[in-house]
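> sequence-free structure coming up:
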């Protein structure tokens, strides 16, 4: 069973166990002549398996699961549906795409709150741009990505000099045209 399916199964089992534990005090007391009502054998086996998995978790993992469960209980139906949709979208992604998302999430979590706020502001500013301006900037960015490492180094030096307020270092060989197989920045 894959990790996402295993985590989903664990979450469902824990939710079932917690729901069961919450309902038991509400049940009427069992009469001495009747066996207590409870889940059937297949359900008991699933609960036992879930209980064993729960017991095998570290205290930190249990605390995280409890916290997630409590947060889930406070979500509105709309928020729960949005969460389910995101989960389904993640399930449809290929392994490489999921890995890329996981790495991006780790980088995001490693940022300070000030860095995250700066990224959020930048994203809002990007979204506020007209579509044609975003297209133009994407093309310029692609042009910068196509630069050779030496050209990027010279460009960084020029920017540093501009930030210091000094004259930029002149380029030795201003290219008259882009090398074969490369576009000039901002051009087509």
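Here it is on my side, so go on. Source: prediction; values computed, not measured.
> just checking, next helix/strand downstream of the lowest-mean-pLDDT helix or strand in the chain?
When each helix and strand of the chain is scored by mean pLDDT, DSSP states H and E, helix 3-23 comes last, with a mean of 67. Counting by DSSP states H and E, the next helix or strand C-terminal to helix 3-23 is helix 41-56.
> and that next one, how far out from the chain's middle?
With CA atoms, centre = their mean, to the nearest Å as the basis, helix 41-56 stands 30 Å off its chain's centre.
> Stretch 85-103 too?
9 Å.
> now swap in stretch 70-82 and tell me
Offset of stretch 70-82 from its chain centre (CA atoms, centre = their mean): 18 Å.
> Contacts for that stretch, please.
15, 83 (CB atoms under 8 Å, 6 or more residues apart in numbering). Bear in mind the C-beta positions are built from the backbone N, C-alpha and C, glycine included.
> quick one: average pLDDT of that stretch?
Mean pLDDT, computed over stretch 70-82, is 91.
> what do you get for stretch 157-169?
Mean per-residue pLDDT for stretch 157-169: 75.
> Would you mind giving the domain segments of the protein?
Here the domain parsing of the chain from automatic domain parsing is 3-23+40-108, 129-172+182-188.
> so which of those gets nearest residue 114?
Of all these, it is domain 3-23+40-108 that lies closest to residue 114, at 13.5 Å by CB to CB.
> can you redo the domains of the chain as a markdown table with distance to residue 122 and mean neighbour count?
Below are the domains of the chain laid out as a markdown table (distance: least, CB to CB, whole Å; neighbours: other CB atoms under 10 Å):
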| stretch | distance to residue 122 | mean neighbour count |
| --- | --- | --- |
| domain 3-23+40-108 | 14 | 11 |
| domain 129-172+182-188 | 11 | 11 |
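> CSV please, covering these and showing distance to residue 117.
Formatted as CSV, the domains of the chain follow (distance: least, CB to CB, whole Å):
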stretch, distance to residue 117
domain 3-23+40-108, 12
domain 129-172+182-188, 19
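> Of all those domains, which one comes closest to residue 119?
That would be domain 3-23+40-108 among the domains of the chain, by CB to CB, at 8.2 Å.
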